[in-house]
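**Student:** Let's see this in three dimensions:
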Amino acid sequence: MIGGKVLDHTAVQDLAEAKSAYAAALSRVCIEYGITLAIPATALMDAAAAVAAANRPFLDLLLDLPVTVVVPLGEETAITAGASAHFARLTGRYDAAAAHTVHVAGARAWPIVTADPASILAINPAAAVERLP
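**Tutor:** Here you go, the predicted structure:
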């Protein structure tokens, strides 16, 4: 593996529902070059809640890719990610899945792939974001 990208819930949903050609190309390129797709467990949970039942098999296919890794939320990560999102909470822009996603990306120094960066940037305005078209 030569690096990776962290998918937020909007990117996971995009891939499962084939909303953009970019998302499909992203998965192919990652497989071809061994680039890890890290999915925080909380982002997966939010995406699973949003993905239409007809597209759930495609969500399963994404999870079965050899480059996909689901990153669990443990006690230490929950505390650290939550604390880093304190300001976002105070301003009414807190999102638990976004906080977990920002933490995972920061720990790996990988960019976050998202269709909507607002909740990510509310937690870390300097986060490296790759926006889905």
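**Student:** Now for residue 118: which residues touch it?
**Tutor:** The contact partners of residue 118, by C-beta atoms under 8 Å, 6 or more residues apart in numbering, come to residue 93. C-betas here are computed from N, CA, C, even on glycine.
**Student:** And the lowest-mean-pLDDT helix or strand in the chain, how far out from the chain middle?
**Tutor:** Least confident helix or strand, the chain: helix 86-90 with a mean of 80, by mean pLDDT, DSSP states H and E. Here helix 86-90 is found 20 Å from its chain centre; the criterion is C-alpha atoms, centre = their mean, to the nearest Å.
**Student:** now stretch 98-106
**Tutor:** 8 Å.
**Student:** likewise stretch 17-34?
**Tutor:** Relative to its chain's centre, stretch 17-34 lies at 14 Å (C-alpha atoms, centre = their mean).
**Student:** Stretch 123-133 too?
**Tutor:** The answer for stretch 123-133 is 11 Å, by C-alpha atoms, centre = their mean.
**Student:** Not counting its own residues, what contacts it?
**Tutor:** Applying C-beta under 8 Å, 6+ apart, the set of residues contacting stretch 123-133 from outside is 5, 10-11, 14, 19-20, 22-23, 84-85, 87-88, 94-95, 98-99, 102, 105-106, 110-115, 117, 120-121.
**Student:** Show only the entries of the residues you listed found in strands.
**Tutor:** 5, 112, 113, 114 (DSSP state E).
**Student:** tell me the residue furthest from the middle of this structure?
**Tutor:** The C-alpha centroid of the chain is most remote from residue 90, which lies 23.0 Å away (C-alpha atoms, centre = their mean).
**Student:** For it, give its distance to residue 127.
**Tutor:** The spacing between residue 90 and residue 127, counted by C-beta to C-beta, to the nearest Å, is 18 Å.
**Student:** where does the protein dip in pLDDT?
**Tutor:** 1-2 (pLDDT under 70).
**Student:** if we can go back for a sec, what lies in contact with the least confident helix or strand of the chain?
**Tutor:** 94, 95, 98, 99, 119, 122, 123.
**Student:** Would you indicate which residues of it are buried?
**Tutor:** For helix 86-90, a neighbour-count test (16 or more other C-beta atoms under 10 Å) marks 88, 89 as buried.
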